[in-house]
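Engineer: Sequence first, then the predicted structure, then my questions.
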Amino acid sequence: MAKQQSDIRSGRLAKAEIDDNFGDLHPPLSRSEALIAADRCYFCYDAPCTTACPTGIDIPGFIQKIRSDNIRGSAHTILRENIMGGMCARVCPTEELCEEACVRYTHEDKPVDIGLLQRYATDPIFEQGTQLFARADDSGKTVAIVGGGPAGLSCAHRLAMLGHNVVVLNKDSKPGGLNEYGIAAYKTVDNFAQQEVDYILSIGGIEVRNDVALGTDFTLAGLRDEYDAVFIGIGLGSVNSLGIDNEGLPGVENAIDYIADLRQAEDKSKLPVGRSVVVIGGGMTAIDIAVQSKRLGAGRVDMVYRRGPEQMGASEFEQELAQTSGVTIHHWAAPVALIGDDGVTAIELEKTELSKDGKLQATGETFVLDADVVFKAIGQKLDDDKLGKELDGLALERGKIVVDESHATSLDNVWAGGDCVVVGDDLTVSAVQHGKVAAIAIDLTLWLAERRSVQRAADLSVLAGVQELPQSDAAAVARSYEWAAKNGFQDGVDGVLVTADVLCKNSDPSTPQSLCVNGGGGAPILCGGTGCDSLRVVIKKPATLLFASIFGVISAPVTAISASVWNISSGPSSVHSSTAASSGLPTSRFARPLPVPLKAAVPVRTSSSTLAPRV
């Protein structure tokens, strides 16, 4: 019997047919289509779609602006929360997030086309290079970001908006991460990933260094010494093994590597593709490689997943896309052996089932699929071989970096986000949120932790036992207001009232009313300086959870600063002149335009490392 040979070659389809196969999966809406789609929105109060969005985009708000032809305003509403809103409009599983939560979906089984409307609003901004954001004044601080993917670029952009300088250290030849190298080509056509990256970088203050890798070209310890803060967004650089014999046979490939080659290919018809392709896995990457193999001209493409369709990581839409593209999905089966001599020619699989106690088990029944190429798409892990001991000192769990809700790691001044952290979920939109949240936390630390410690609390009503910490001058007061204003917390926005009180340090810690108990006879009065020589500064959000408390001893006498209540949004007129002068900050900085307020609460750690809930 003649030995079966692998059949892997390029040019299975004509170039024109392949180009057509890799056209835009979801063509953009025309103006009339967008207006019709926007008109279906109920503009719900406390909209469930916004709640379902990991980045908290005000979805009814941006759709309302589309209805009034305010495309720039609509894009601003989107991009202020998700700077990669253009890519997320293309690749985000909206059918499982915002659109699944849409009230229209509940009533009519057809949600508002949120993803397409989001693309309609943002595409013109990227195409025309319309800059919607500006940098704050230079803070003099520089942050190193390890990784040029969605988490890293999101963090970089937010930090640049807040006035910090950023250096992005990227292991690839181009920034973008999985948006550039790991997503199906038919989802992001016309080099959109780089167009979006160019837009992000155009804000200024961000330097990108390509082809440099952690553990090879620089160390984490070195970055911590050189920079004011570090953000790690390195993704997951290594593919999980199948754990079966002959895994090293030619033709057994990592799906993510082939997708990267496909994304960078100028002529896709020249890419080699197998006649019979088998994909092991059930997530988005597995769908992407299966569908793309079919569109390159593979005669047969089989996907194999060890559990049922409900447990697949790929969305229902993606599963349907694979099946309508000619991909056969085999559920309840797992690989047991790769067959071949000079290259893989087949794969043996064993059927699986759930035991009575709900555990996956093999049935003993096997079957064989012919395969010229077998793609592994069963998840990724941190590339320990390349990273070496670079992650020593970082708390790890299940092979990923442990972070708190501010995305701070176990190392001081080191934050992390994206797929490399425990809470990562392989979604661009989640990685963007990680970077944004980390940037806000980094900004808070850089602005308020200079030459002192920061005590952050979860509720104004719990002040007992808080330690007063040293502060050399009134700059702490000014920077407290500065930080709150820069991050968009202002009166009358989304029902949030933000005030800042200058409190006597002798005020009753159990009474959050900023009254001094040192005025005589124990009666609480507003402090006028009697017996007091220092102040406590508190930023608060009345009627909600406290997002940050800063307690500092200030050397200036009380009478020189004033113990009145200041309102952040009122500008310099409500700030005592001596405060601006003693802070060393120009008064104009208090009055500069506020950036767009962030919907998400600023997540901060308390002294016990517990975290303030989202508000």
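Structural biologist: Sure, I can see it. Residues are numbered from 1 along each chain as shown.
Engineer: residues in contact with stretch 18-31?
Structural biologist: Stretch 18-31 has contacts (C-beta atoms under 8 Å, 6 or more residues apart in numbering) with 13, 37, 90, 113, 115-117, 119-120, 123, 184-187, 189, 268-269, 292, 295-297. The way it works is simple: take the backbone N, C-alpha and C, and place the C-beta from them, glycine included.
Engineer: ok, the residue nearest to residue 130 when sequence neighbours are not counted to residue 440 distance?
Structural biologist: Setting aside the residues directly before and after it, residue 130 is nearest to residue 72 in space (C-beta to C-beta, 6 or more residues apart in numbering), at 6.8 Å. Computed as C-beta to C-beta, to the nearest Å, the residue 72 to residue 440 distance reads 25 Å.
Engineer: now residue 218
Structural biologist: On the measure of C-beta to C-beta, residue 218 and residue 440 end up 26 Å apart.
Engineer: With neighbour numbers in mind, choose between these two.
Structural biologist: Legend: neighbour count by other C-beta atoms under 10 Å for residue 218 and residue 440, higher for residue 440 (26 against 17).
Engineer: could you list every residue that touches the nearest residue to residue 402 once chain neighbours are set aside?
Structural biologist: Leaving out its chain neighbours, the residue that sits closest to residue 402 by C-beta to C-beta, 6+ apart is residue 395, at 4.1 Å. Applying C-beta under 8 Å, 6+ apart to residue 395 gives the contacts 401-402, 409-410.
Engineer: ok, now residue 312?
Structural biologist: 282-283, 305, 319.
Engineer: got a list of what residue 237 touches?
Structural biologist: So residue 237 contacts 171, 380, 382-383, 386-387 (C-beta under 8 Å, 6+ apart).
Engineer: which stretches of this protein have low pLDDT?
Structural biologist: Residue ranges of the chain with pLDDT under 70: 1-5, 448-615.
Engineer: mind running it again at 50?
Structural biologist: By pLDDT under 50, the low-scoring segments of the chain are 1-2, 450-485, 487-615.
Engineer: longest helix anywhere in the protein?
Structural biologist: Identified as the longest helix of the chain according to DSSP state H is helix 428-448.
Engineer: which strands and helices sit next to that one?
Structural biologist: In terms of contacts (3 or more C-beta pairs under 8 Å, 6 or more residues apart in numbering; DSSP states H and E), helix 428-448 is packed against helix 85-91, helix 150-161, strand 229-232, strand 414-416, helix 475-486.
Engineer: rewinding a little: TSV for the contacts of residue 312, including secondary structure, neighbour count and distance to residue 243?
Structural biologist: Shown next, in TSV, are the contacts of residue 312 (DSSP: H, G, I helix; E, B strand; the rest coil; neighbours: other C-beta atoms under 10 Å; distance: C-beta to C-beta, whole Å):
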residue	secondary structure	neighbour count	distance to residue 243
282	coil	26	17
283	coil	18	18
305	coil	26	16
319	helix	18	25
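Engineer: Among those, which one sits closest to residue 341?
Structural biologist: residue 305 (27.8 Å; C-beta to C-beta).
Engineer: can I assume the closest one is in contact with residue 331?
Structural biologist: Yes: the criterion here is C-beta atoms under 8 Å, and residue 305 meets it with residue 331 at 5.6 Å.
Engineer: From residue 213, how far out is residue 172?
Structural biologist: Applying C-beta to C-beta to residue 172 and residue 213 gives a distance of 9 Å.
Engineer: I should have written residue 238 there, sorry.
Structural biologist: 13 Å.
Engineer: what touches both of these two?
Structural biologist: With C-beta under 8 Å, 6+ apart, residue 238 and residue 213 have common neighbours residue 386.
Engineer: Are any of the contacts of residue 395 buried, and if so which?
Structural biologist: Among the contacts of residue 395, those classed as buried by 16 or more other C-beta atoms under 10 Å are 401-402, 409.
Engineer: In CSV: these, plus secondary structure.
Structural biologist: Output for those, formatted as CSV (DSSP: H, G, I helix; E, B strand; the rest coil):
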residue, secondary structure
401, strand
402, coil
409, coil
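Engineer: May I see those residues arranged in JSON lines, with distance to residue 209 as well?
Structural biologist: Shown next, in JSON lines, are the buried ones among the contacts of residue 395 (distance: C-beta to C-beta, whole Å):
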{"residue": "401", "distance to residue 209": "22"}
{"residue": "402", "distance to residue 209": "27"}
{"residue": "409", "distance to residue 209": "22"}
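Engineer: Out of these, which comes closest to residue 356?
Structural biologist: residue 402 (34.5 Å).
Engineer: give me every residue that touches that closest one.
Structural biologist: 394-396, 409-410, 421-422.
Engineer: Next, give me the two most distant ones among the contacts of residue 312.
Structural biologist: 283 and 319 (10.7 Å).
Engineer: re the thing from before, from the contacts of residue 312, which is closest to residue 60?
Structural biologist: Nearest member of the contacts of residue 312 to residue 60, counting by C-beta to C-beta, is residue 319, at 29.6 Å.
Engineer: buried residues in stretch 138-158?
Structural biologist: Using 16+ other C-beta under 10 Å as the test for burial, stretch 138-158 gives 139, 141-158.
Engineer: burial of residue 405, as a residue count?
Structural biologist: Around residue 405 sit 18 other residues, with neighbours defined as other C-beta under 10 Å.
Engineer: give the contact list for residue 277.
Structural biologist: Applying C-beta under 8 Å, 6+ apart, the residues contacting residue 277 are 290, 293, 298, 300-302, 371-375.
Engineer: gap between it and residue 293?
Structural biologist: Separation of residue 277 from residue 293 (C-beta to C-beta): 5 Å.
Engineer: what does residue 129 give?
Structural biologist: 36 Å.
Engineer: What of residue 336?
Structural biologist: 23 Å.
Engineer: of these two, who's got more company?
Structural biologist: residue 293 (27 against 14).
Engineer: Does the more buried one belong to a helix, a strand or coil?
Structural biologist: State at residue 293, reduced to three classes by three-state DSSP: helix.
Engineer: Tell me who's in contact with it.
Structural biologist: Residue 293 neighbours (C-beta under 8 Å, 6+ apart): 273-274, 277, 279, 301, 373, 375.
Engineer: Mind doing that once more with 10 Å?
Structural biologist: 255, 258, 262, 271, 273-274, 276-279, 300-301, 325-327, 373, 375 (C-beta atoms under 10 Å, 6 or more residues apart in numbering).
Engineer: Show the buried residues in those residues.
Structural biologist: With neighbours counted by 16+ other C-beta under 10 Å, those contain buried members at 255, 258, 262, 271, 273-274, 276-279, 300-301, 325, 327, 373, 375.
Engineer: of those, closest to residue 199?
Structural biologist: Among the buried ones among the contacts of residue 293, and counting by C-beta to C-beta, the member closest to residue 199 is residue 262, at 24.2 Å.
Engineer: OK, contacts around that closest one?
Structural biologist: By C-beta under 10 Å, 6+ apart, the contact list for residue 262 reads 22, 181, 184-185, 268, 271, 273, 288-289, 292-293, 295-296.
Engineer: ok, 7 Å please
Structural biologist: Neighbouring residues of residue 262 by C-beta atoms under 7 Å, 6 or more residues apart in numbering: 185, 268, 271, 292.
Engineer: will you turn those into CSV that also has secondary structure and distance to residue 27?
Structural biologist: Converted to CSV, the contacts of residue 262 look like this (DSSP: H, G, I helix; E, B strand; the rest coil; distance: C-beta to C-beta, whole Å):
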residue, secondary structure, distance to residue 27
185, helix, 15
268, helix, 19
271, coil, 24
292, helix, 19
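Engineer: can you tell me which two in these are farthest apart?
Structural biologist: 185 and 271 (10.6 Å).
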